[in-house]
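J.: model this:
(chains A, B, C and D)
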Protein chains: 4
Amino acid sequence: MLLKACVIGANGYGGIELIRLLYSHPKVTIDVLVSHSTQGQAITAQYPQLQNIVELPLEKLDVNEILDRVDVVFFATPSGITKDIAPAFIEAGLPCIDLSGDFRLKDGDVYSEWYKNTPAQQQFLDRAVYGLAELYRGDIQQAAFIANPGCYPTAALLGIIPAIKLGVIDESRTIIIDGKTGVSGAGRKPALGTIFSEINENTKAYKVGTHQHIPEMEQVLSDINNQQVTILFNAHLVPMTRGILCSIYIPINDNLTDTNFTELYKETYRDDYFIRVRPEKTWPATKEVYGTNFCDIGVGFDQRTNTLTVVSVIDNLVKGAAGQAVQNLNLVNHWDEKLGLDTIPTYP
Amino acid sequence: MLLKACVIGANGYGGIELIRLLYSHPKVTIDVLVSHSTQGQAITAQYPQLQNIVELPLEKLDVNEILDRVDVVFFATPSGITKDIAPAFIEAGLPCIDLSGDFRLKDGDVYSEWYKNTPAQQQFLDRAVYGLAELYRGDIQQAAFIANPGCYPTAALLGIIPAIKLGVIDESRTIIIDGKTGVSGAGRKPALGTIFSEINENTKAYKVGTHQHIPEMEQVLSDINNQQVTILFNAHLVPMTRGILCSIYIPINDNLTDTNFTELYKETYRDDYFIRVRPEKTWPATKEVYGTNFCDIGVGFDQRTNTLTVVSVIDNLVKGAAGQAVQNLNLVNHWDEKLGLDTIPTYP
Amino acid sequence: MLLKACVIGANGYGGIELIRLLYSHPKVTIDVLVSHSTQGQAITAQYPQLQNIVELPLEKLDVNEILDRVDVVFFATPSGITKDIAPAFIEAGLPCIDLSGDFRLKDGDVYSEWYKNTPAQQQFLDRAVYGLAELYRGDIQQAAFIANPGCYPTAALLGIIPAIKLGVIDESRTIIIDGKTGVSGAGRKPALGTIFSEINENTKAYKVGTHQHIPEMEQVLSDINNQQVTILFNAHLVPMTRGILCSIYIPINDNLTDTNFTELYKETYRDDYFIRVRPEKTWPATKEVYGTNFCDIGVGFDQRTNTLTVVSVIDNLVKGAAGQAVQNLNLVNHWDEKLGLDTIPTYP
Amino acid sequence: MLLKACVIGANGYGGIELIRLLYSHPKVTIDVLVSHSTQGQAITAQYPQLQNIVELPLEKLDVNEILDRVDVVFFATPSGITKDIAPAFIEAGLPCIDLSGDFRLKDGDVYSEWYKNTPAQQQFLDRAVYGLAELYRGDIQQAAFIANPGCYPTAALLGIIPAIKLGVIDESRTIIIDGKTGVSGAGRKPALGTIFSEINENTKAYKVGTHQHIPEMEQVLSDINNQQVTILFNAHLVPMTRGILCSIYIPINDNLTDTNFTELYKETYRDDYFIRVRPEKTWPATKEVYGTNFCDIGVGFDQRTNTLTVVSVIDNLVKGAAGQAVQNLNLVNHWDEKLGLDTIPTYP
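T.: Model (predicted):
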């Protein structure tokens, strides 16, 4: 029997990507779509490409009805929404996967500082499991409530985790993450900063030093060896729709200059299907993971400055959002991690 | 048991798209990849996004070996190649699907005139079945050798066929087709006209009045009612990778001004899953079929000029090439036409 | 002494383009910038690229003050605004150039029908001179109030005018204009339809058969030989910021099949610096007029269908808006038509 | 009387941009265009947008004739050409401005190592003045032979120079430069890596740790205080035509955490028209300098990591190539530095 899914926030880009992936999932049906802003419409009024494929209505949020009708809920809502609406589902014991930032930070004060908003209640923050399978697979398999990682943190963390685990980092210098993203991460709500004429043929920095994904990255990195890690992260917008590329500069201890870091990275991700470490001296491009759940990583050591350059790429809407959510769904249900995600990037 | 497939011309964009689609096909395996220009390399050397997924070598063409090893051959080669290499496979009785233009025109002289090249031998032209399922489904199901339609003809023909069948066209005026295409149709071979700096933020007309797809369209349209149809077709390049949009201007007889053409189009394509006629007064966009085998069609009648505007969109690499080839493979094998093609467009 | 200019609607794309062009004009200074939505801000708050170059405030509209301070007013406001605010300036005798659609249509009822809005008062419609220099240069030189042509009409009319003047059109068939535009024509106001993720890698038709530029084109074309001309015009959005390309299909009388239309077009525009007819069998691209006031035209006769294909390209913000306004300013002042506009397209 | 200019390599993107800028320069005429690959053609055969504006032939290189006919030579040739052809002009005493990389590095061995080519003769390397006006204005004014800076070095150096001059850098950590460039920097020669379908909707790293601009940056930075500076620089390709954005991470001494770096940067560039330091907490975008000679800089100090983030943007073909060459021409001739360059960025 198929698992019945509900997508809350179905009208946004995270929502529509969930619909695309869940439609191809062999063990899931999409039963309920919820949208606050477009309730009452058919999903095809917003996304005509679903004509004849997924012809569901966009419903208003009704907790009891959803509890009755489905087996799992995905929250594809903006930050600041799930902290209020998820608890009812969690308390009722329905498995929940939250794609927003509301339950990722364990410390409510840190959330307040970076998100400029009231945090979720601590008891629900405590229950949420951070859904980065490559680091917390075991915990996810036991979880009922997943805080799906942010897009930048997914790309950045997967590029840094092996170096932390290996203990090769020179702590007197700072890890620097230079992130580049496509525009879809900004969502579907019209704003001056995302209209075509302002973005096309343009590249810019934004939220320099203030991006809310910084504490998320530091929380996870600090958890690996139980030792505080501080990073410098800057975000840039490039004129494309999908894709994140993080260029990561990791200072390396002096005595490790002969290390083959590519091999060490490959070894670390030996059992992780979605992480592909590229051959030495080759570098991934965002389009090479387009539409898929892969995170591709290139690694190169700069002898001149004792710094490891790691380039990691993801599709921000897949491994950075909906795909990772499906991967977590698979883990929670003890299914093959690749179910519904075993596809080749669309290229060109 | 799975059907074993060979892709000749695997290194081009039609080839890589075939690989993407066949990989997800439940009844097919990819067994042999052939490339003239990159033989000896791994396919991952050309397309690193296939790492860990499809790790086959690019082989040189060896007819006997292919006959031994596979059950079907796809030709994703440029025009002018298959006319010479396909006959050996056809004579050996191996099912063949040709994505090039070599076997589409029944009249070798017409081929010579528009392609500026020697045509294939007449006996093989005679054996080829034109692979537009929505018009020739029955013939395809009996065929062993398919000439897969061109990208522009697919979009244009599907927009005009109902009007021809319905007999509503004013023959004293000309059908005009204004085609707009993304750049991937030009293939992967570098040329001044397709480098990014020349294409980005640019739109242009090309091959005005001389495009080799003109006789292909006229041949098919003339075949429907066995009556000569002459069209005017112009091609335009727009700055995107995938997608074709054809704006078609069909002159309508004076006495039909109250006709509901949208309904007539819907009726014509009632049994064709991949053709989606849009609701009255709505119009399809290329991205709404991105990565899929759909052809979406909008229809509107202009009372002021007795002209029917039809807008049809496809993904040129899917319904306009590799997807239609897979659809034809399904028909030839009497499988469900949707096998391997039942996906939602990637959006945005 | 320099002519003092005021730009009303300075915050929009037409406004900022006027500022760019007027800054380089040797006989003009920009003295007053007016914006309804951003009054009180510095123009550099909206357009930081003006830092150290044009550092004026955005003021609220004050008719008397503007009458005191400047010698000419440009209206770069959306349609529906100038019909109410321009009369005060016109009556005071200040030269006015209106870039909106409010004064282009001579018949108020036609305006109501296509713009769905109350028209301007007839007396002011009567006073407005349609600012297409290549057709009405003499009138413009005597005018004080110019209705600057729309972007699509500029490209389309310049492609059709010679054929009308020459009397070669087969009136039993329809002139069809297939327009493709970049997104900047939609202005700077955020809307779902213009955000990057919806436009990028996408092409679509819009306002099929209902575009408000249709009556504008018909009014001008009918005026040339004082004979009613009906056209079919459809608009398409392509993923670029600037540029319009119109593909025009003109039915030609049977007895003219040996005509050299390229030469006739060249002859028609012999004295028009900004119109460049391309050599036979070559076709212009939008980027080849980027940032300039040129309209480039390619002409080809299709013997098979007795149809003339004309391809005309402009930069919608220059020849289609601000540049044509400056050209008109030059004419009104009896200056060299090229002043401030004598530049090479930025390429690539 | 106007200065007569020759552009060698007129067919490339650096060449065509020189033609655009020199055409608008009030004290220069373009007299000779030279192209190796397209000699014998008209420039309008390659660039039809020059029709009726610049209609010169592309000539083959003839040193004596050029010496006879012009007053200054610009070399817009690829690296590896001018080292052989420039000496004849230099020895004849003709002012030369070289846009290639052949004369930028003072040490021929370093050139050999990074460019994998034989260097120019030392006597000519010694005569070349590095054409970064903001650092070497006085020297340029006395020079007859200018090595125009590379595109990345221009953006990066202008972002770092103030910090070096001010002596605020913590030398125990490395300066990291993360560069993002549009594709036009790769030139007009077709290659797989620059065709539209490979670049569009794609971002990638390239030449990681091996870019030939690294020693150029280090040479200049080390020259400021006569102290060796080592940097880490990585290059990235983003899907746009023009523009470079460098994100620069400068480690700052512990005792300087209260410094207002924005003010210090403004002060450093007080007399440099083309350098615009943005107000605190605002960041430049590449499109905000499009088509102009500006370098816009944003500066922000990260208290958490004692690191200064500097974001600097240029148009790679203007301040990064042809515009800077014209700026140098102005200095060599003791003209106003802004001549021919005093324009507003084209936006959007």
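
J.: who are the neighbours in contact with the residue of the stretch 1-150 of chain A found nearest chain C?
T.: Across the stretch 1-150 of chain A, the shortest distance to chain C (C-beta to the nearest C-beta) belongs to residue A:13, at 6.9 Å. C-betas here are computed from N, CA, C, even on glycine. Each residue near residue A:13 by C-beta atoms under 8 Å, 6 or more residues apart in numbering or on different chains is listed here: A:184, A:187, A:188, A:317, B:348, C:197.

J.: let's see it at 10 Å
T.: A:76, A:183-188, A:241-242, A:316-317, A:321-322, B:347-348, C:197 (C-beta atoms under 10 Å, 6 or more residues apart in numbering or on different chains).

J.: before we move on, what about residue A:237?
T.: By C-beta under 10 Å, 6+ apart, the contact list for residue A:237 reads A:179-183, A:185-186, A:193-194, A:198-199, A:202-207, C:196, D:238, D:285.

J.: if we go to 7 Å?
T.: Residue A:237 is in contact with A:181, A:183, A:199, A:203, A:204, A:206, counting by C-beta atoms under 7 Å, 6 or more residues apart in numbering or on different chains.

J.: Out of the residues you listed, who's the most crowded?
T.: Tallying neighbours with other C-beta atoms under 10 Å in any protein chain shown puts residue A:199 at the head of the contacts of residue A:237, with 29 neighbours.

J.: quick check: domain ranges of chain A?
T.: Listed by automatic domain parsing, the domain ranges of chain A are A:3-127, A:152-316.

J.: Buried deepest among those domains, which one?
T.: Greatest average neighbour count among the domains of chain A goes to domain A:152-316 (a mean of 21), per mean count of other C-beta atoms under 10 Å in any protein chain shown.

J.: residues in the stretch 201-348 of chain A within reach of chain C, list them.
T.: A:201, A:241 (C-beta under 7 Å from any C-beta of the partner chain).

J.: show me where the stretch 151-300 of chain A has strands.
T.: Ranges of strands in the stretch 151-300 of chain A, per DSSP state E, counting those that start in this stretch, are A:175-181, A:204-206, A:231-237, A:244-251, A:275-277, A:295-302.

J.: Quickly run through the sheet partners of the third one, with directions.
T.: Looking at strand A:231-237 with DSSP bridges, its partner strands are strand A:175-181 (parallel), strand A:204-206 (antiparallel).

J.: Please name whichever of those is nearest to residue B:162.
T.: Among these, the nearest to residue B:162 by C-beta to C-beta is strand A:175-181 (43.6 Å).

J.: For the closest one, give me every contacting residue.
T.: By C-beta under 7 Å, 6+ apart, strand A:175-181 touches A:152, A:156, A:160, A:231-238, A:244-250, A:316, D:176, D:178, D:180, D:203, D:236, D:247, D:249.

J.: Same question for stretch A:307-314.
T.: In contact with stretch A:307-314 (C-beta under 7 Å, 6+ apart) are residues A:154-155, A:158-159, A:163, A:243-252, A:261, A:283-286, A:288-289, A:295-302, A:320, D:174, D:205, D:208-209, D:232, D:234.

J.: Kindly provide the whole-number mean pLDDT of that stretch.
T.: The average pLDDT for stretch A:307-314 rounds to 98.

J.: residues in contact with residue A:8?
T.: Residues near residue A:8 by C-beta under 7 Å, 6+ apart: A:34, A:61, A:73, A:74, A:75, A:76, A:77.

J.: How about residue A:128?
T.: For residue A:128, the contacting residues are A:103, A:145, A:147, by C-beta under 7 Å, 6+ apart.

J.: Distance-wise, check it relative to residue B:51.
T.: Counting by C-beta to C-beta, to the nearest Å, the gap from residue A:128 to residue B:51 is 33 Å.

J.: contacting residues for residue A:211?
T.: A:233, A:235.

J.: now it: how far from residue A:233?
T.: 6 Å.

J.: now residue A:215
T.: Residue A:215 sits 10 Å away from residue A:233, going by C-beta to C-beta.

J.: Close to chain D: what parts of the stretch 151-300 of chain A are there?
T.: Residues of the stretch 151-300 of chain A lying near chain D (C-beta under 7 Å from any C-beta): A:173-174, A:176, A:178, A:180, A:197-198, A:201-206, A:208-209, A:230, A:232, A:234, A:236, A:238-243, A:245, A:247, A:249, A:283, A:285-287, A:300.

J.: Now find how far off-centre stretch A:173-192 is within its chain.
T.: Stretch A:173-192 sits 12 Å away from the centroid of its parent chain (C-alpha atoms, centre = their mean, to the nearest Å).

J.: my bad, should have said stretch A:58-77
T.: That offset, for stretch A:58-77, works out to 22 Å (C-alpha atoms, centre = their mean).

J.: Contacts for that stretch, please.
T.: A:3-12, A:14-15, A:18, A:31-36, A:38-41, A:43, A:82, A:85-86, A:88-89, A:92, A:94-100, A:325, A:329.

J.: How about residue A:104: what's its closest non-neighbour residue?
T.: Spatial nearest neighbour of residue A:104, chain neighbours left out: residue A:147 (4.6 Å); criterion: C-beta to C-beta, 6 or more residues apart in numbering or on different chains.

J.: Give me the pLDDT for the one you found.
T.: 98.

J.: who's in contact with it?
T.: Contacts of residue A:147 (C-beta under 7 Å, 6+ apart): A:98, A:103, A:104, A:128, A:129, A:130, A:131.

J.: try residue A:165
T.: Counted by C-beta under 7 Å, 6+ apart, residue A:165 has contacts A:224, A:268.

J.: Contacts only, for residue A:169.
T.: Per C-beta under 7 Å, 6+ apart, neighbours of residue A:169: A:163, A:250, A:251, A:252.

J.: Relative to the whole chain's centre, how far out is stretch A:245-256?
T.: 23 Å.

J.: Alpha carbons only: can I get it in PDB?
T.: Only the C-alpha atoms of stretch A:245-256 are listed here, as PDB (Å, rounded to 0.1, in the frame of the first residue of the first chain):
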ATOM      1  CA  LEU A 245      28.300  26.100  -5.700                       C
ATOM      2  CA  CYS A 246      30.300  26.600  -2.500                       C
ATOM      3  CA  SER A 247      34.000  27.300  -2.700                       C
ATOM      4  CA  ILE A 248      35.400  26.400   0.600                       C
ATOM      5  CA  TYR A 249      38.800  27.400   1.800                       C
ATOM      6  CA  ILE A 250      40.100  25.100   4.600                       C
ATOM      7  CA  PRO A 251      43.400  26.000   6.400                       C
ATOM      8  CA  ILE A 252      45.400  22.800   6.800                       C
ATOM      9  CA  ASN A 253      48.000  21.900   9.400                       C
ATOM     10  CA  ASP A 254      51.600  22.400   8.200                       C
ATOM     11  CA  ASN A 255      52.600  18.800   8.600                       C
ATOM     12  CA  LEU A 256      50.000  17.400   6.100                       C
END
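
J.: pLDDT averaged over it - what is it?
T.: For stretch A:245-256, the mean pLDDT works out to 95.

J.: close to chain B, is it?
T.: No. Counting by C-beta under 7 Å from any C-beta, chain B is not contacted by stretch A:245-256; separation bottoms out at 14.3 Å.

J.: Return the residues in contact with residue A:4.
T.: A:29, A:31, A:69, A:70, A:71.
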